[in-house]
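Visitor: Build me a model:
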Amino acid sequence: MDQAKLGKILEKMNEQGMPQMIISDPPAIFYLTGKWIIPGERMLALYLNVNGNHKLVINKLFPQERDLGVELVWYDDVEDAVEILSQFVEKDKPIGIDKVWPARFLLRLQELGAGSKFLNGSMIVDYVRMIKNEEEQEKMRKASLANDEIMEKLIPLVVKGYDEIELNKIVRDMYAETGHSGVSFDPITGYGKSGADPHHVTDHTKGKRGDSVVLDIGGILDDYCSDMTRTVFIGEVSDRAREVYEVVKEAQRLGIEAAKPGNRMCDVDLACRNYIESKGFGEYFTHRTGHSIGMEDHEFGDVSSVNEDIIQVGQVFSIEPGIYLLDEGIGVRIEDLVLITEDGCEVLNKFTKDLIVVPEE
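Guide: Predicted coordinates:
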């Protein structure tokens, strides 16, 4: 296991009076071991104890060819995996439980009398994962720069007559062809009214002259996610759409300006939101300003008006204000990822945010 990451988790366990913990979420296990294990319905459990004696309880269907830095405890499909795990749990002490651990496993562990008290242990792992080390930061940079290149190739295609589903498939193919292991979320390729629906489900809509086109895309490169949004226009842009675009662009700039150590996450949200409200579009900014990102597109730590957590060096999160005028068929969102530095933030996306009108053929 990564001893530096493990040490931080054990330290926080000690601080919070949590002498032992079960981690089952595959991304969290990868975070510590560098190995992706996707167990399906079978139990996978990394048992941590502040005094050592860590174990990874794993089904024999998932043989490991290299040393993961933790003792492996094997079971097969006819054995009671939770009973095997319970043998290592100190029954007279509290235990942290992963928030995604299926109830069928937790209930069985409780039946076996393992642990004096059950606590949500995921918050400890989430807070440690929230701060990216130098290796992770570099991976996030590379993923974002690769995403910039795909955006640059994608934008000219909005006038080629593709419908949203066809354009969505092209985006996926672009990631596959450039060394990505997949997309970090279902790409949004929304024309006109579709883009005015913040989480529109891609359909057979085609773009027409004057449409705003929301392109929200991201891929997984070397196990880390990218995520960015640009809004462009087909053929021409109306004065109304231009106004909306410039408001969102300035709101995002203000959000980036507020993204620095010592500020709160809600300060970033409010920097965007207050400006949009001052321009009369407050009711049309219908979502939080952003989310943390790393091995998963949405990780713990959102950029919302209610999150008062202090921003720390090493965090990576999105800043993506938007205005959605469904009745007018105008949707605009602009998104970048930022990495918090000692004196502010580094914007990981370099692709232009100037208003782009894609000429029709």
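Visitor: Distance check, the closest residue to L326 other than its chain neighbours against V232.
Guide: Distance criterion CB to CB, 6 or more residues apart in numbering; nearest residue to L326, sequence neighbours excluded, is A196 at 4.5 Å. In short, each C-beta sits where N, CA and C put it, glycine included. With the distance defined as CB to CB, to the nearest Å, A196 ends up 15 Å from V232.
Visitor: for L48, same thing?
Guide: Taking CB to CB, one finds L48 at 48 Å from V232.
Visitor: With D343 instead?
Guide: 33 Å.
Visitor: can you check G69 too?
Guide: Counting by CB to CB, the gap from G69 to V232 is 47 Å.
Visitor: Same question for E152.
Guide: From E152 to V232 the distance is 11 Å (CB to CB).
Visitor: who's more crowded, G69 and V232?
Guide: V232 (22 against 15; other CB atoms under 10 Å).
Visitor: thought that one was touching K353?
Guide: No: contact criterion CB atoms under 8 Å: V232 and K353 do not qualify, at 10.9 Å.
Visitor: The helix or strand where H291 lies packs against which elements?
Guide: Using DSSP states H and E, H291 maps to strand 290-292. Using 3 or more CB pairs under 8 Å, 6 or more residues apart in numbering; DSSP states H and E as the contact criterion, the elements in contact with strand 290-292 are strand 299-303, strand 316-319.
Visitor: right, and those - which one's nearest E79?
Guide: strand 299-303 (33.3 Å; CB to CB).
Visitor: what about V70, neighbour count?
Guide: Neighbours of V70 (other CB under 10 Å): 17.
Visitor: Please disregard the earlier target; I meant V201.
Guide: 10.
Visitor: and it, what pLDDT?
Guide: According to the prediction, V201 has pLDDT 87.
Visitor: Specify the local secondary structure of T286.
Guide: coil (DSSP: H, G, I helix; E, B strand; the rest coil).
Visitor: these two touch, right, it and P198?
Guide: Yes: if you go by CB under 8 Å, T286 and P198 touch, sitting 6.2 Å apart.
Visitor: Comparing the two, which shows the higher neighbour count?
Guide: Per other CB under 10 Å, whichever of T286 and P198 has more neighbours is P198, with 18 against 12.
Visitor: Tell me who's in contact with the more buried one.
Guide: 286-287, 322, 324, 331, 333 (CB atoms under 8 Å, 6 or more residues apart in numbering).
Visitor: can you rerun that using 7 Å?
Guide: Neighbouring residues of P198 by CB atoms under 7 Å, 6 or more residues apart in numbering: 286-287, 322, 324.
Visitor: Tell me which of the helices and strands packed on strand 290-292 lies nearest to I217.
Guide: strand 316-319 (12.5 Å).
Visitor: What is the closest one packed up against?
Guide: helix 239-258, strand 290-292, strand 299-303, strand 336-341 (3 or more CB pairs under 7 Å, 6 or more residues apart in numbering; DSSP states H and E).
Visitor: Now do E283 against F185, distance only.
Guide: E283 is 26 Å from F185, by CB to CB.
Visitor: Same question for P94.
Guide: Counting by CB to CB, the gap from P94 to F185 is 36 Å.
Visitor: where do the helices sit along the stretch 151-300 of the chain?
Guide: 164-177, 239-258, 265-278 (DSSP state H, counting those that start in this stretch).
Visitor: just to revisit the earlier point, which residues are in contact with each of T286 and P198?
Guide: Y324.
Visitor: Look at G7 and say how many residues are nearby.
Guide: 12.
Visitor: how far is stretch 57-73 from where the chain is centred?
Guide: 27 Å (CA atoms, centre = their mean, to the nearest Å).
Visitor: and it, what's its mean pLDDT?
Guide: pLDDT averaged over stretch 57-73 gives 96.
Visitor: Then stretch 225-242?
Guide: 98.
Visitor: Just give me the neighbour total for N53.
Guide: 12.
Visitor: Ok, K60 next?
Guide: For K60, using other CB under 10 Å, the count is 11.
Visitor: mind listing what it touches?
Guide: 74-76.
Visitor: let's go with 6 Å and repeat that
Guide: 74, 76 (CB atoms under 6 Å, 6 or more residues apart in numbering).
Visitor: same question, the one 10 residues further on
Guide: Under the criterion of CB under 6 Å, 6+ apart, the neighbours of V70 are 1, 54, 56.
Visitor: how near is it to P27?
Guide: Distance from V70 to P27, by CB to CB: 17 Å.
Visitor: what does L106 give?
Guide: Distance from L106 to P27, by CB to CB: 19 Å.
Visitor: Need the three-state assignment for the residue nearest to N53 when sequence neighbours are not counted.
Guide: Residue nearest to N53 in three dimensions, not counting chain neighbours: F88, with 6.9 Å by CB to CB, 6+ apart. Classification of F88 using three-state DSSP returns coil.
Visitor: before we move on, what about the one 3 residues further on?
Guide: When classified by three-state DSSP, K91 comes out as coil.
Visitor: how many other residues sit next to it?
Guide: 11.
Visitor: quick one: it and L112, what's the gap?
Guide: 9 Å.
Visitor: I150 now?
Guide: Distance from I150 to L112, by CB to CB: 50 Å.
Visitor: likewise K350?
Guide: Distance from K350 to L112, by CB to CB: 54 Å.
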